[in-house]
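Novice: Could you work out the structure for the sequence below:
(chains A and B)
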Amino acid sequence: MLFRKSSSRFRPPQVPDRAILREHRKVIDEIGRRGLLRGTMSLGALTLLTGCDVSEQDQVQRVLRSVSAFNDWVQARLFDPDKLAPRYAASQVLKPPRFNAYYGIEDVQPIDAATWRLELAGLIQDKRPWTLEQIRALPEQEEIIRHICVEGWDYIGQWSGPNLRQFLTRVGADLGAKYVAFHSHDDYMESIDMASALHPQTILATKYAGDPIGDPYGFPLRLRTAVKLGFKNPKWIRAIEVTNTYPGGYWADRGFNWHSGL
Amino acid sequence: MGSEIKAGPPRPGARMHPALVRVTHWTNAVAMIVMIMSGWKIYNDEVIFGFLHFPEAIVLGKWAQHGLQWHFLGMWILVLNGLVYLAYGLLSGRFRRLLLPIRPRELLREVKAALTFRLHHPDLTRYNAVQKTLYLGVILVIIMQVLSGLALWKPVQFSWLVVLFGDFQGARLAHFIGMAAIVLFLLVHVTLALLVPRTLAAMIGGGQRIAAAPRDVSSSPAAHS
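Specialist: Coordinates of the predicted model:
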């Protein structure tokens, strides 16, 4: 068949050593104009080199990550908080949705709804945890929107659940803070900018196509925002944190662009 | 009056390729190669055609994120450099002088001559119809690449651009086809430049100086008005 799916290289066959993360943390901290300028000068010489390991060298990563940080800044300015993503008809919805994580579907750990709680942390006044019952009692918003993965595939999904802006307002979150981070049960974490968190099409999804979200797709609660790439939508959320300290993210720490706004 | 002088033939004694054209040409060459090779890495993560994976030896970036990092660095160099090149080409009259007009009959004749290896290029300061078509064509393709790239990068902010390509996958396909067209152009362009090494030298050193008198009146803009 012409349009065959490839085996994904988005998920490395072996999970990178944690030491790499620590090593890159230093690089992120050092992001700055001086690094960019210094690095740009050596960039000309580096383009003469070929081979796949060029991008991994420290000096090169410093330049590339500085550019990525600059691109975060550009994207925040390109972002129009009132611009709505296209919405689609229920007949176009893919059922079930497409699975993706940093591991295979067989390794998904289902969450027990009875003991699950949504924890709140950071710049939030009312940090009392929420049960699934309480979340389900909130007004529900449905979004039939396109999910776009950084790998290049996409599908139309039908998600519903409480609007994040309304939820953050209700718990007394500091809406002037910079970041909202979502911590997942599978040790996944991604954070988004507050402007995107407050976008009208950003919801805490509990349902897909009218039914509770299936285990592999994030039951009982996941983020669905129409203005970010797929990997910025954590599944199996256990905690929401509002903060002014850059929280990074699972893939952002590994070199993917942090803002990744659509 | 002023614009006529600006848009007219270059002043006698000027190099065939002014420094600005040479610098933007080679900057574009580097940026384009970065874009193509990192684009192949990004493509490999989710291929459009099942039979086509780009070998790891010719892609830029060890993992997908590195391909993306290069691509989103290269785009700035490509776009900013491209804007300088386009502004110069349009304002100086270089595009009008060198790339227009393209006469279909001339083009057919020269394609035939090129295919039978009888195409001559005695005067480097003037382009034949095949060159005009290829150069103008690749400029338009690169502009389309920027547009389809913008649609892929910001499909919500520029949703109208996505509509232009059908949908998100349509924009991906257009971006791929544009890449293929540029690679084809590169193969022809580099081959021809190597066959006539004087052209390559001209793009490095500037080439011969323009003769004092215009070669024929039709090259002056007044003759077209």
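Novice: If you tally nearby residues, what's the number for whatever residue of chain B ends up closest to chain A?
Specialist: Closest approach between chain B and chain A, counting by CB to the nearest CB: B:Gly50, at 2.7 Å. Heads up, the C-betas are built off the backbone N, CA and C, glycines and all. Using other CB atoms under 10 Å in any protein chain shown, B:Gly50 has 12 neighbouring residues.
Novice: so what pLDDT did it get?
Specialist: Note on B:Gly50: pLDDT of 91.
Novice: Show me the beta-bridge partners of A:Glu190.
Specialist: Per DSSP bridges, the residues bridged to A:Glu190 are A:Phe182, A:Gly249.
Novice: so the residue of chain B closest to chain A, which of the three states?
Specialist: coil (DSSP: H, G, I helix; E, B strand; the rest coil).
Novice: Please report how far B:Pro18 lies from B:Pro122.
Specialist: Distance of B:Pro18 to B:Pro122, given as CB to CB, to the nearest Å: 22 Å.
Novice: How confident was the prediction at the residue nearest to A:Ile124 when sequence neighbours are not counted?
Specialist: Excluding its sequence neighbours, the residue lying closest to A:Ile124 (CB to CB, 6 or more residues apart in numbering or on different chains) is A:Ala173, at 4.7 Å. A:Ala173 is assigned 97 on the pLDDT scale.
Novice: Just give me the neighbour total for A:Ala173.
Specialist: For A:Ala173, the neighbour count with other CB under 10 Å is 25.
Novice: Domains in chain A, by residue range?
Specialist: What automatic domain parsing lists as the domains of chain A is A:18-78, A:90-243.
Novice: which of the ones you listed is buried the deepest?
Specialist: domain A:90-243 (a mean of 18; mean count of other CB atoms under 10 Å in any protein chain shown).
Novice: Quick one: end-to-end distance for it.
Specialist: Using CA to CA, to the nearest Å, one end of domain A:90-243 lies 36 Å from the other.
Novice: in stretch B:66-85, what's buried?
Specialist: In terms of neighbour count (16 or more other CB atoms under 10 Å in any protein chain shown), stretch B:66-85 has its buried residues at B:66-75, B:77-78, B:81-82, B:85.
Novice: Who are the contact partners of A:Phe99?
Specialist: A:105, A:216-217 (CB atoms under 8 Å, 6 or more residues apart in numbering or on different chains).
Novice: For whichever strand or helix holds B:Lys132, buried residues please.
Specialist: According to DSSP states H and E, B:Lys132 maps onto helix B:129-153. Residues of helix B:129-153 classed as buried: B:129-136, B:138-139, B:141-142, B:144-153 (neighbour count, 16+ other CB under 10 Å).
Novice: List of residues touching it?
Specialist: Against helix B:129-153 from outside (CB under 8 Å, 6+ apart): B:32, B:75, B:78-79, B:82, B:86, B:95, B:98-100, B:102-103, B:106-107, B:109-111, B:114, B:119, B:121, B:127, B:158, B:161-162, B:164-165, B:168, B:171-172, B:174-175, B:178-179, B:181-182, B:185, B:188-189.
Novice: Also stretch B:199-207?
Specialist: Under the contact criterion CB under 8 Å, 6+ apart, stretch B:199-207 has outside partners B:15-19, B:22, B:25-26, B:121, B:124-125, B:192-194, B:198, B:208.
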